[in-house]
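Asker: please work out how this folds:
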Amino acid sequence: MRHGGPTVIGRADIAGMVLAGGQGSRMGGLDKGLQPFRGRPLAAVALERLRSQAAPGRLSVSANRHLDRYAALGVPVLGDALPGHPGPLAGLLAGLQWCGTPWLLAVPCDTPCFPLDLGARLAEAAMAAGADIAIAAAPESLPPGPSGAGPAPLRLHPVVCLLRADLQGDLRDYLNGGGRKVLDWMGRHALATATFDRPGNDPNAFRNANTLAELHRLEADTA
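Answerer: As a prediction, the model looks like this:
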């Protein structure tokens, strides 16, 4: 249940964070956020797209390796709030503890084409529903089907999200209790979905790259 707060969520209410703390197991253990995309590290590309969507000076990156290289990006580097690489929720908790704003906008580093109006549309969904959390949903990327096959099914992107900062206590308790599933924790709260299926929306906006081959294809397809 939502606990009061501003009736309008503006840029000044939002801090931004890029999630880059994973182990990169499907990239052979490479640090995903440091892999090049259009000549720059994925994390740097994501930070640049977040810059206009968050309060001035309120950007960070969640990382657990190569901290000096992430620090060179010029933003605070946040290690997981719990040891043992317990997944993206630990990165989100670190962001909630750091943000200093009513809301945290988080994006994974491997989704570098997310919309430049992502924060505004997630905020719109959260305000409309009186929600504590808003997540993105977009049509699934599928091979072309037969004519008349209908629209592609929607896929949820729960770690592309806007969260109230005061959820940090509940998230800490969930993680300390052994919980690890993102949607399981989010489902404990008022949850809204922002659907990115309007005409003209970029079909590649939420394509993520779990492998180097996927990253190279995404770069080629969005050149």
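
Asker: gap between stretch 180-199 and the chain center?
Answerer: Chain-centre distance of stretch 180-199: 12 Å, with Cα atoms, centre = their mean, to the nearest Å.

Asker: just stretch 92-112 next, same as before
Answerer: 7 Å.

Asker: buried ones in it?
Answerer: Neighbour counts over stretch 92-112 (16 or more other Cβ atoms under 10 Å) mark 92-99, 101-112 as buried. Any C-beta I mention is one placed from the backbone N, CA and C, and that applies to glycine too.

Asker: average pLDDT across stretch 158-169?
Answerer: For stretch 158-169, the mean pLDDT works out to 98.

Asker: what does that stretch contact?
Answerer: Residues from elsewhere that reach stretch 158-169, judged by Cβ atoms under 8 Å, 6 or more residues apart in numbering: 2-3, 5, 9, 14, 19, 88, 92-93, 96-97, 99-108, 111, 114, 118-119, 122-123, 126, 132-136, 182-183, 186, 189, 206.

Asker: 7 Å instead?
Answerer: With contact meaning Cβ atoms under 7 Å, 6 or more residues apart in numbering, stretch 158-169 is reached by 3, 19, 88, 92-93, 96-97, 99, 101-108, 111, 114, 119, 122-123, 126, 132-136, 182-183, 186, 189, 206.

Asker: list the buried residues of it.
Answerer: For stretch 158-169, a neighbour-count test (16+ other Cβ under 10 Å) marks 158-165, 167-168 as buried.

Asker: how about the helices in the protein?
Answerer: Along the chain, the segments classed as helices by DSSP state H run 42-51, 67-71, 88-98, 118-129, 168-176, 182-186, 212-221.

Asker: count the residues that sit near Leu212.
Answerer: By other Cβ atoms under 10 Å, 15 other residues sit near Leu212.

Asker: residues touching it, list them.
Answerer: Under the criterion of Cβ under 7 Å, 6+ apart, the neighbours of Leu212 are Met27.

Asker: wait, doesn't Ile133 sit right on His189?
Answerer: Yes - applying Cβ atoms under 7 Å as the test, Ile133 and His189 come out as touching, 5.5 Å apart.

Asker: who has more neighbours out of those two?
Answerer: The residue with more neighbours, out of Ile133 and His189, is Ile133; 26 against 16, by other Cβ under 10 Å.

Asker: how much space is there between that one and Asp173?
Answerer: 16 Å (Cβ to Cβ, to the nearest Å).

Asker: one more: Gly57?
Answerer: Distance, Gly57 to Asp173, using Cβ to Cβ: 30 Å.

Asker: still on that earlier bit, just put the helices of the chain in TSV and tack on distance to Ala152.
Answerer: Formatted as TSV, these follow (distance: least, Cβ to Cβ, whole Å):
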stretch	distance to Ala152
helix 42-51	24
helix 67-71	35
helix 88-98	25
helix 118-129	19
helix 168-176	32
helix 182-186	20
helix 212-221	16
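
Asker: tell me where the longest strand sits in the chain.
Answerer: strand 154-164 (DSSP state E).

Asker: report the angle between the axes of it and helix 88-98?
Answerer: Relative orientation of strand 154-164 versus helix 88-98 (axes from the mean of the first three to the mean of the last three Cα atoms, to 10 degrees): 30 degrees.
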